[in-house]
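S.K.: sharing a model that was predicted from the sequence below.
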Amino acid sequence: MALPLRGRESTAGVLLLIRTPAGADFASHQLEIAASFADQAALALEHAETRATMNEMTMLADRDRIARDLHDHVIQRLFAVGLSMQSTHRRAAKSPQVAVRISDHIDQLHNVIQDIRTAIFDLHTVATQGPSLRAELRETIAELTDETPFQVSVRISGPLDVVPTDIAEHARAVVREAVSNTVRHSQGSEVEILISVDDDLTIEITDNGIGIPHDAHQRGLRNLAARAKAVGGQVDISTPAPGGTRVHWSVPLP
């Protein structure tokens, strides 16, 4: 006999009652007991699922609160301490040993801020998330360059996955457009791609080609500049000393 464990909105499972091949049929009172048990089991499962959902919501709310507190209070206070130490560092120029120690402490403070930013991201991370921004950018670069003669160097440093969603969307588009322009226009043989997260998100793409045509340069600059401006950043397209093209795109992180 199969009895569905049916809740108010869904069926959680099936209760199976099995008798031996030679056994008697289930009596009516046994059917009533089994049906009642199935109803109670379905209700217990539904309540357990509701409690689990409520506990998860509470945990996520606590994580959001902790992340906000870290960002709004702890990081801001550390920034203030860092600025004060930089001011002290300038006044300590007459004592090289003190200046070096203060500089080391400023670097350590900066590393602490980066660690906290990574922790904030981890608090917001859900196990079912898709690929990380780091993985997506590497995949985009490979997609655009794998079937080309370019020698490609890619370096990604810093906690890239702390980048906010809106800035990450712009970063994906910038990498795609800049690398695509390099492949289509530079006529070079090498491209170096540097992506880093510090106080800013910085994307720098350098090739050894002849540069892109003037009209394409202007279009590319306008598109990249518009994306930088949308998130409070800036872009510069220049010609490095050996020749070629360098795209430097950066935006401050909150």
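M.R.: Arrived safely.
S.K.: so where do the helices sit in the protein?
M.R.: 28-69, 76-91, 96-124, 133-145, 165-185, 214-230 (DSSP state H).
S.K.: buried deepest among the ones you listed, which one?
M.R.: Each of those was scored by mean neighbour count; the highest is helix 165-185, a mean of 19, by mean count of other Cβ atoms under 10 Å. (C-beta placed from N, C-alpha, C; glycine too.)
S.K.: leaving out the residues flanking it, which one is nearest to residue 1?
M.R.: The shortest distance from residue 1 to any residue other than its chain neighbours is 4.4 Å, reached at residue 17 (Cβ to Cβ, 6 or more residues apart in numbering).
S.K.: please disregard the earlier target; I meant residue 151.
M.R.: That would be residue 190: by Cβ to Cβ, 6+ apart, it lies 4.8 Å from residue 151.
S.K.: what is the neighbour count of the one you found?
M.R.: Residues lying near residue 190 (other Cβ atoms under 10 Å) number 16.
S.K.: doesn't residue 148 make contact with it?
M.R.: No - between residue 190 and residue 148 there is no contact under Cβ atoms under 8 Å: 11.1 Å.
S.K.: and residue 232, how many neighbours?
M.R.: Neighbour count of residue 232, defined by other Cβ under 10 Å: 11.
S.K.: buried ones in stretch 246-254?
M.R.: 246-251, 253 (16 or more other Cβ atoms under 10 Å).
S.K.: and of those residues, the nearest to residue 52?
M.R.: Nearest to residue 52 among those is residue 253, at 35.1 Å by Cβ to Cβ.
S.K.: okay, domains of the chain per the record?
M.R.: 1-127, 133-252 (the TED database).
S.K.: mean pLDDT for these: which is lowest?
M.R.: Across these, domain 1-127 has the smallest mean pLDDT, namely a mean of 78.
S.K.: for the residue nearest to residue 151, give me its contacts.
M.R.: By Cβ atoms under 8 Å, 6 or more residues apart in numbering, the contact set of residue 190 is 150-153, 207-208.
S.K.: and for residue 188, the neighbour number?
M.R.: Around residue 188 there are 20 residues (other Cβ under 10 Å).
S.K.: would you check that it makes contact with residue 208?
M.R.: Yes - using Cβ under 8 Å, residue 188 makes contact with residue 208 at a distance of 4.5 Å.
S.K.: mind putting the buried residues of stretch 246-254 in JSON lines, distance to residue 238 included?
M.R.: Listed next are the buried residues of stretch 246-254 as JSON lines, based on distance: Cβ to Cβ, whole Å:
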{"residue": "246", "distance to residue 238": "5"}
{"residue": "247", "distance to residue 238": "8"}
{"residue": "248", "distance to residue 238": "7"}
{"residue": "249", "distance to residue 238": "12"}
{"residue": "250", "distance to residue 238": "14"}
{"residue": "251", "distance to residue 238": "18"}
{"residue": "253", "distance to residue 238": "23"}
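S.K.: tell me the one among those residues nearest to residue 22.
M.R.: Among these, residue 253 lies closest to residue 22 (Cβ to Cβ), at 74.5 Å.
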